[in-house]
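Chemist: quick one, structure for this:
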Amino acid sequence: MAITKINGGVTAPKGFLASGLNAGIKNQTKKDMAMVFSSTPCAAAGVFTTNLVKAAPVKWDKEIVTTSPYVQAVVVNSGIANACTGAEGLGYCADTAAEAAAALNIPKTAVLVASTGVIGKQLPIDKIKSGVTALSKVLGSSREDAKLAAEAIMTTDTKSKEVACTLELDGKQVTVAGMCKGSGMIHPNMCTMLCFVTTDVAISHELLQKALSEDVVDTFNMISVDGDTSTNDTCLFEATVIGAKDKNQARTIAKSVVCSSLTKAAVFGHDANWGRILCAMGYSGAQFDPEVVDIWLESKAGTIKIVENGIATDYSEETATKILSEEEVIAKMDIKEGNETATAFGCDLTYEYVKINGDYRS
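Modeler: Residues are numbered from 1 along each chain as shown. Model (predicted):
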């Protein structure tokens with residue numbers, strides 16, 4: 001199945017409209033509300049944080065995805081997370097959905113809501129309602145409309161995140177697109193990472209939910225920035241485990257390596273400190289023989305084997321530094337127990353990450 005990436009966002013599939021604007025939630029200059037609307041009823045599916053502390057929008061959306069026959073709109077705000085807000089916060093989800101339903105002439109049960117930002121504050125519901133009304137009047141299907149929506153859901157992100165692609169199914173060309181936000185508190189099991197995917201594929205709710213639930217196991221749930229289940233865009237760090245006896249062993253070890261703060265720091269410093277990697281493998285909880293492990297570092301600058309059978313090779317520190325200085329770095333670990341493999345995705349940990357999160361509320 002050939003997949004072709006195209007220039008687009010959530011409006012790329014047929015029938016989808018979107019926009020983003022400033023509703024005054026954060027301040028008077030930054031976009032902080034977005035809406036995505038489908039001109040026809042849609043099958044919907046969702047996966048949500050496994051954190052026991054769930055924000056009000058998560059509770060609302062889980063109910064809608066499970067019980068509503070269809071969905072047509074998503075309303076998203078940034079700046080305030082509507083988490084740890086009790087019955088009042090959940091009521092604001094219903095109020096937001098009702099406002100969107102009236103503005104778009106659809107049922108209240110066809111509206112999903114999402115929030116991201118500071119925990120513990122109540123939403124300024126009057127601003128939210130005004131934002132919903134304003135958004136409903138400026139929805140569009142252009143590339144720029146999708147871009148506005150993607151920008152409006154950002155929090156500490158340094159850039160908006162969008163993608164669109166086409167593929168052929170049963171002789172018909174279909175489109176899948178998405179936007180997401182998140183640069184911190186991204187760890188396996190979603191947390192404050194928000195993602196919205198649109199498609200004009202004809203698919204049932206049951207099959208869509210099955211496909212999504214199975215896919216996130218090896219995609220979103222294999223991503224970590226800081227080890228928090230809920231910033232940095234400098235360097236993408238991937239950990240690939242090969243030679244595992246089963247998928248679970250491979251996933252567990254790969255996740256442990258990309259979640260290691262010490263490994264992230266070593267990547268930021270371009271330091272081939274392979275002990276950090278082996279240590280993270282060791283406390284992952286997966287069983288393996290450390291005395292047979294081989295480790296490589298790879299990037300556009302080349303490939304270098306730094307560990308063989310659990311012992312350092314006579315590698316060049318200069319070459320290793322060049323490899324680690326690229327924007328994308330792969331650590332590959334062979335545990336020599338089987339044929340399974342898994343890759344987890346993370347990033348380095350920088351001074352700026354600490355500054356952003358230290359000043360987040362101020």
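Chemist: and the helix or strand containing N77, average pLDDT?
Modeler: Secondary structure assignment for N77, by DSSP states H and E: strand 71-80. For strand 71-80, mean pLDDT is 94.
Chemist: I'd like the distance between L167 and A2.
Modeler: L167 sits 7 Å away from A2, going by Cβ to Cβ, to the nearest Å. Every C-beta, even on glycine, is put in place using the N, C-alpha and C of the backbone.
Chemist: sorry, wrong one. I was asking about A134.
Modeler: Between A134 and A2 the computed distance is 40 Å (Cβ to Cβ).
Chemist: higher neighbour count, these two?
Modeler: A134 (16 against 7; other Cβ atoms under 10 Å).
Chemist: enumerate every residue touching F48.
Modeler: If a contact means Cβ atoms under 8 Å, 6 or more residues apart in numbering, then F48 has 54, 58, 61-62, 190 as its contacts.
Chemist: give me that answer again for 6 Å
Modeler: 58, 62 (Cβ atoms under 6 Å, 6 or more residues apart in numbering).
Chemist: try V174
Modeler: Per Cβ under 6 Å, 6+ apart, neighbours of V174: 200-201.
Chemist: recalculate using a threshold of 8 Å.
Modeler: Taking Cβ under 8 Å, 6+ apart, we find V174 in contact with 13, 166-168, 199-201.
Chemist: just name the closest of the residues you listed to S160, please.
Modeler: If you rank the contacts of V174 by distance to S160 using Cβ to Cβ, P13 comes first, at 18.3 Å.
Chemist: separation between the closest one and D246?
Modeler: According to Cβ to Cβ, P13 and D246 sit 36 Å apart.
Chemist: the two: which has the busier surroundings?
Modeler: More crowded of P13 and D246, by other Cβ under 10 Å: P13, with 21 against 14.
Chemist: gap between that one and V176?
Modeler: For P13 relative to V176 (Cβ to Cβ), the value is 7 Å.
Chemist: same thing with A250?
Modeler: For A250, the distance to V176 - Cβ to Cβ - is 27 Å.
Chemist: then D314?
Modeler: Per Cβ to Cβ, D314 is found 47 Å from V176.
Chemist: hang on, the earlier thing: mind listing the shared neighbours of P13 and V176?
Modeler: 164, 198-199.
Chemist: and which of those is nearest to I277?
Modeler: Lowest distance from I277 to the shared contacts of P13 and V176 (Cβ to Cβ) belongs to A164, with 35.1 Å.
Chemist: ok, the closest one touching F16?
Modeler: No: using Cβ atoms under 8 Å, A164 is not in contact with F16; the gap is 10.6 Å.
Chemist: if we can go back for a sec, filter the shared contacts of P13 and V176 down to the ones in strands?
Modeler: 164, 198-199 (DSSP state E).
Chemist: can you select the buried ones from the residues you listed in ChimeraX?
Modeler: Entered in ChimeraX, the line below selects the buried ones among these, by 16 or more other Cβ atoms under 10 Å:
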select :164,198,199
